[in-house]
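**Student:** Return a 3D structure for these sequence lines:
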Amino acid sequence: PGQAQPWARHTAGLLWQLRPSDVEVELLAHTRRVVSRELEEETGLHTGWIQNGGLFIASNRQRLDEYKRLMSLGKAYGVESHVLSPAETKALYPLMNVDDLYGTLHVPHDGTMDPAGTCTALARAASARGAQVIENCPVTGIRVRTDDFGARRVTAVETEHGSIQTPCVVNCAGVWASAVGRMAGVKVPLVAMHHAYVVTERIEGIQNMPNVRDHDASVYLRLQGDALSVGGYEANPVFWEEVRRPGS
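**Tutor:** Numbers count the residues shown, from 1 in each chain. All right, here's what the predicted structure looks like:
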């Protein structure tokens, strides 16, 4: 049993260190250092980081071979990981049915963060370094001009409270990124989708178990105290063409 929570703007806050790209592995290693240690040391704010580990499950031989390659890549970048047999997986995660598994990839130093707490800590760190954080200030437009070489350049950001002169805009608007891009005449290849996730009731014995990801089934199981948050990518997604602004 669980409680479905559709239509929520949601991120699970999961951090998996191993990806097929070496650039991503380096970026994730940096992110983990910042979230797990550096932000709290600098700001005194906790990001909600929990290091309970991550577990990729392989239900076919090809997926297990991929995880063996990921383990080798992780060794090159100092990311500890272990390919486990079904029996070793059962010893690590007693509640898991391993009868249909070929094996798993265990990354002990994976974990989760609290998205809101992480953003708050990032904002405080940025402010301490001279940035100005302005809240409740919706962006209504972006002014651009064409320079002498024909390149389009940002000159200002328009808001409900006035203009901010700037030569640079970083688009971190998430599901609203496409709308922000259109303000500058830029197409952002991103589409929001309706997504539901389930939070289970209390599960005895689930405490301290690693987060689980099944790439073939496109589902994740995130530890949430003594329960699980379960979500994934729907096989027949429903696109969300227009996402309302918070508070509107």
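**Student:** what about this structure, any weak spots by pLDDT?
**Tutor:** Residues of the chain that meet the criterion pLDDT under 70 lie in 1-10, 245-248.
**Student:** Repeat the analysis, applying 80 as the threshold.
**Tutor:** Applying pLDDT under 80 to the chain flags residues 1-11, 195, 241-248.
**Student:** same for the longest helix anywhere in the chain, what does it pack against?
**Tutor:** With secondary structure taken from DSSP state H, the chain has its longest helix at helix 61-76. Other elements packing on helix 61-76 under the criterion 3 or more C-beta pairs under 8 Å, 6 or more residues apart in numbering; DSSP states H and E are helix 22-33, strand 54-58, strand 82-84, strand 103-107. From N, CA and C alone the C-beta is placed, and that goes for glycine too.
**Student:** quick one: contacts of the last one?
**Tutor:** Read it as strand 103-107. Outside of strand 103-107, the residues within contact range by C-beta atoms under 8 Å, 6 or more residues apart in numbering are 16-18, 53-58, 64, 67, 70-71, 74, 79-86, 89, 92, 210.
**Student:** element containing the most far-flung residue of the chain relative to its centre?
**Tutor:** Going by C-alpha atoms, centre = their mean, the residue of the chain most distant from its centre is residue 148, 39.8 Å out. Assigned by DSSP states H and E, residue 148 belongs to neither a helix nor a strand.
**Student:** Tell me the spacing between it and residue 76.
**Tutor:** Look at residue 148 and residue 76: by C-beta to C-beta, to the nearest Å, they are 46 Å apart.
**Student:** these two touch, right, residue 214 and residue 60?
**Tutor:** No - with contact defined as C-beta atoms under 8 Å, residue 214 does not reach residue 60; the gap is 11.1 Å.
**Student:** Give me the more crowded residue out of these two.
**Tutor:** Neighbours per residue, other C-beta atoms under 10 Å: of residue 214 and residue 60, the larger number sits with residue 214, 18 against 12.
**Student:** got the end-to-end distance for stretch 70-84?
**Tutor:** Terminal residues of stretch 70-84 lie 13 Å apart, using C-alpha to C-alpha, to the nearest Å.
**Student:** now that stretch, how far from the chain's geometric center?
**Tutor:** How far stretch 70-84 lies from its chain's middle: 21 Å, per C-alpha atoms, centre = their mean, to the nearest Å.
**Student:** Also stretch 66-82?
**Tutor:** Offset of stretch 66-82 from its chain centre (C-alpha atoms, centre = their mean): 20 Å.
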